[in-house]
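Visitor: 3D model of this:
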Amino acid sequence: MKQLVHAFVIRRLDYCNSILAGLPKGLISQLQRVQNSAARLVLGLQPRDHIKPALLILHWLPVHLRIEYKLCLLMHSVSVQCCPSYISDMVQTTAASSRRQGLRSSTDTFSYTVPPTVTKFSERAFSVAGPSVWNSLPADIRHITDTSVFKRHLKAHFFNLYFNT
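Guide: Numbering: from 1, shown residues only. Below you'll find the predicted structure:
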């Protein structure tokens, strides 16, 4: 059952979910309800059972953190320079920013500038959402260059954020 749910539901939630960054909470909650239903189906839970322990048992991040996870993976591929140029051209390191010359933050090649925005809609762009989420990560995670190690530490970080609060 778990393999079927993973194949038909969870993969659909994860497919291109980085474009869902910045969606209103009402739309994210609809996707979260789908994931919650899938978790209840896999574990045989009742509709009234609390979902947080179920997500922990299944080792699934909630939808809003899955979106941030995917954004961080894209930003990691930018930072280790293994992505297409059209993606890396969208973001700029703080070291390369001309506005930050002479500042201590200008020497950090693992931070990215977040361009100013006028509307909420423009905050959904990868050039804004990616650096915002990336810069919120602890520095020790941002400095990891091995992708498999990065994924493991990133997921552990998001699990600690969600399940230890």
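Visitor: How is residue 82 assigned, secondary-structure-wise?
Guide: Taking DSSP: H, G, I helix; E, B strand; the rest coil as the rule, one finds residue 82 in the coil state.
Visitor: tell me the contacts of it?
Guide: Applying Cβ atoms under 8 Å, 6 or more residues apart in numbering to residue 82 gives the contacts residue 147. C-beta here means a position set from N, CA and C on the backbone, and glycine is covered the same way.
Visitor: again, but for residue 65
Guide: Here residue 65 is in contact with 158, 161-162 (Cβ under 8 Å, 6+ apart).
Visitor: State the next helix or strand along the chain beyond the lengthiest helix in the chain.
Guide: The helix that spans the most residues within the chain, counting by DSSP state H, is helix 25-43. Note on helix 25-43: by DSSP states H and E, the next helix or strand toward the C-terminus is helix 52-58.
Visitor: Give the rounded mean pLDDT of stretch 135-148.
Guide: Averaged across stretch 135-148, pLDDT comes to 95.
Visitor: Please identify the buried residues of it?
Guide: Across stretch 135-148, burial judged by 16 or more other Cβ atoms under 10 Å covers 135, 137, 141-142, 144.
Visitor: Domain parsing of this structure, as residue ranges.
Guide: Following automatic domain parsing, the chain resolves into domains at 2-64, 69-163.
Visitor: can you tell me which residues contact the spatially most central residue of the chain?
Guide: Centroid check for the chain by Cα atoms, centre = their mean gives residue 68 as the closest residue, at 1.5 Å. The contact partners of residue 68, taken as Cβ under 8 Å, 6+ apart, are 21, 133, 158.
Visitor: and it, backbone torsions?
Guide: The phi/psi pair for residue 68 (degrees, to the nearest 10) reads phi -60, psi -40.
Visitor: Now do it against residue 148, distance only.
Guide: 19 Å (Cβ to Cβ, to the nearest Å).
Visitor: Residue 16 now?
Guide: To residue 148, residue 16 is 22 Å away according to Cβ to Cβ.
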